[in-house]
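Trainee: Predicted model follows, preceded by the sequence.
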Amino acid sequence: MIEGLGLGGVLAVSFVLAFVVILSAWRQRGAGVKASLEMPNATFDYQQSWLTAFAALLAILGAMNFSSLVFNGDISLATLGLFFAMLVVASPLVYRAMGTLGGYMVASTATLWAAFGTVWSLGLVLNQAVVVIEGQTEVATILMVGATLLIIPFIAVYAHKKMFATLKSPKAVAGGAAFL
């Protein structure tokens with residue numbers, strides 16, 4: 001099992017971070033922007049939706065049994081990576097099924113949850129790998145924690161800006177948006 005935070009902690013912390021970013025953007029929405037507004041022109045393209053592509057790539061890496069090299073056969077991180085990969089795949093399906101701004105917000109929350117979760121869990125894997133390697137634990141651990149702590153705010157700022165631009169007016173919503 002993951003030492004320290006644990007599997008449930010990664011799921012909870014990453015979900016709360018995603019929810020806070022989406023809620024913050026929602027609270028700053030323009031007048032007349034409601035969750036029931038239709039968004040017929042929202043697009044999903046891995047080339048334009050870099051956060052989704054980033055989260056998918058990291059989730060696939062996490063789903064590979066890389067963790068067994070570090071955790072002696074414990075596949076909890078691989079399972080976590082598989083869960084986040086499924087979230088990334090399901091996000092556009094949720095949006096397409098609903099076709100509304102509310103569906104877009106739910107799908108964006110799932111995508112952010114996957115992005116934060118994969119970064120966090122990859123940081124845990126790398127940190128544990130460094131602990132196994134003797135002699136370089138302090139510097140490498142600081143670098144791994146530092147990289148994780150830097151990537152998460154960048155993801156949050158990017159997602160908030162993109163959501164804020166989408167939510168600024170009903171006209172902007174009707175004009176469509178690219179997925180995160």
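Mentor: Sure thing, it's come through. Numbers count the residues shown, from 1 in each chain.
Trainee: May I see the buried residues of the lengthiest helix in the chain?
Mentor: Identified as the longest helix of the chain according to DSSP state H is helix 101-132. In terms of neighbour count (16 or more other CB atoms under 10 Å), helix 101-132 has its buried residues at 101-130. In this view, the C-beta of every residue, glycine as well, is placed from N, C-alpha and C.
Trainee: so for the helix or strand just after that helix, what's the average pLDDT?
Mentor: Per DSSP states H and E, the first helix or strand lying C-terminal to helix 101-132 is helix 137-166. Averaged across helix 137-166, pLDDT comes to 81.
Trainee: about what we covered before: mind giving me the packing neighbours of the longest helix of the chain?
Mentor: Secondary-structure packing of helix 101-132 (3 or more CB pairs under 8 Å, 6 or more residues apart in numbering; DSSP states H and E): helix 6-27, helix 50-63, helix 67-71, helix 76-98, helix 137-166.
Trainee: Tell me the buried residues in the first one?
Mentor: Along helix 6-27, the positions that meet the burial threshold by neighbour count (16+ other CB under 10 Å) are 7, 10-11, 14-15, 17-18, 21-22, 25-26.
Trainee: Does anything pack onto that helix? Which helices or strands?
Mentor: By 3+ CB pairs under 8 Å, 6+ apart, helix 6-27 packs against helix 76-98, helix 101-132, helix 137-166.
Trainee: between these, which one is nearest to Ala35?
Mentor: Closest approach to Ala35 among these (CB to CB): helix 101-132, 3.4 Å.
Trainee: Between helix 76-98 and the closest one, find me the angle.
Mentor: If you take axes from the mean of the first three to the mean of the last three CA atoms, to 10 degrees, helix 101-132 sits at 170 degrees to helix 76-98.
Trainee: got the angle between helix 101-132 and helix 50-63?
Mentor: With the same axes, to 10 degrees defining the directions, helix 101-132 sits at 40 degrees from helix 50-63.
Trainee: tell me the centre residue of this structure?
Mentor: Nearest to the geometric centre of the chain sits Ala115, at 2.0 Å (CA atoms, centre = their mean).
Trainee: And the pLDDT for that residue?
Mentor: For Ala115, pLDDT reads 88.
Trainee: Now it. Nearest residue, chain neighbours left out?
Mentor: Ala55 (4.0 Å; CB to CB, 6 or more residues apart in numbering).
Trainee: quick one: that neighbour and Thr111 touch, right?
Mentor: Yes. Between Ala55 and Thr111 there is a contact under CB atoms under 8 Å: 6.2 Å.
Trainee: Having no further points to raise, I will conclude here.
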